[in-house]
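In: Any chance you can model this:
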Amino acid sequence: MTAGHDVEVLQRVLAAEHAVVYAYGVAGAHLTGPPRARATRGWASHRAARDGLTALLVDRNATPVAPAPAYALPTPVTSPAAALDLLLLVEVRLAATYADAVADLDGDLRTTTARGLTTAALAGAHWRGGSVAFPGLPERAG
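Out: Coordinates of the predicted model:
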């Protein structure tokens, strides 16, 4: 893999993490009690992942992709149930992005993105209430 290729893959993962951080902020506003506490931990975890990816890009003399001011949501989030649905959806999508990155990277970057895939898969399992075969690879789950 080339350095340019690695940067391109990391930029895609960073863009996905930006969107997930945004989604957790939206969802968290509609949650209370233990789900809100879990969402707050998830938000912090994704911010840390975002910051780690930013550092990896800076180390490669790349300008990290900036977050969008806002992101289009698949449906309006007006209830706790809709908030939980959003969190599941973004974790599933993020797992797919990380799975692609694992396939596209080597060495330490593959290890880093495999950790991200694991984190997203575990969060998705929590919000879903159970796991799926091959998280991040929906074409293999069926």
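
In: so how far is Pro34 from the residue lying closest to Thr32 once chain neighbours are set aside?
Out: For Thr32, ignoring the flanking residues on the chain, the nearest one in space by C-beta to C-beta, 6 or more residues apart in numbering is Pro80 at 7.4 Å. Bear in mind the C-beta positions are built from the backbone N, C-alpha and C, glycine included. Taking C-beta to C-beta, to the nearest Å as the measure, Pro80 falls 11 Å from Pro34.

In: Tell me which of those two has more neighbours.
Out: Pro80 (15 against 8; other C-beta atoms under 10 Å).

In: list the contacts for that one?
Out: 30-32, 35 (C-beta atoms under 8 Å, 6 or more residues apart in numbering).

In: I'd like to know which helix or strand in this protein has the lowest mean pLDDT.
Out: The helix or strand of the chain with the poorest confidence is helix 138-141; it has a mean of 56 (mean pLDDT, DSSP states H and E).

In: Please consider this matter closed, and thank you.
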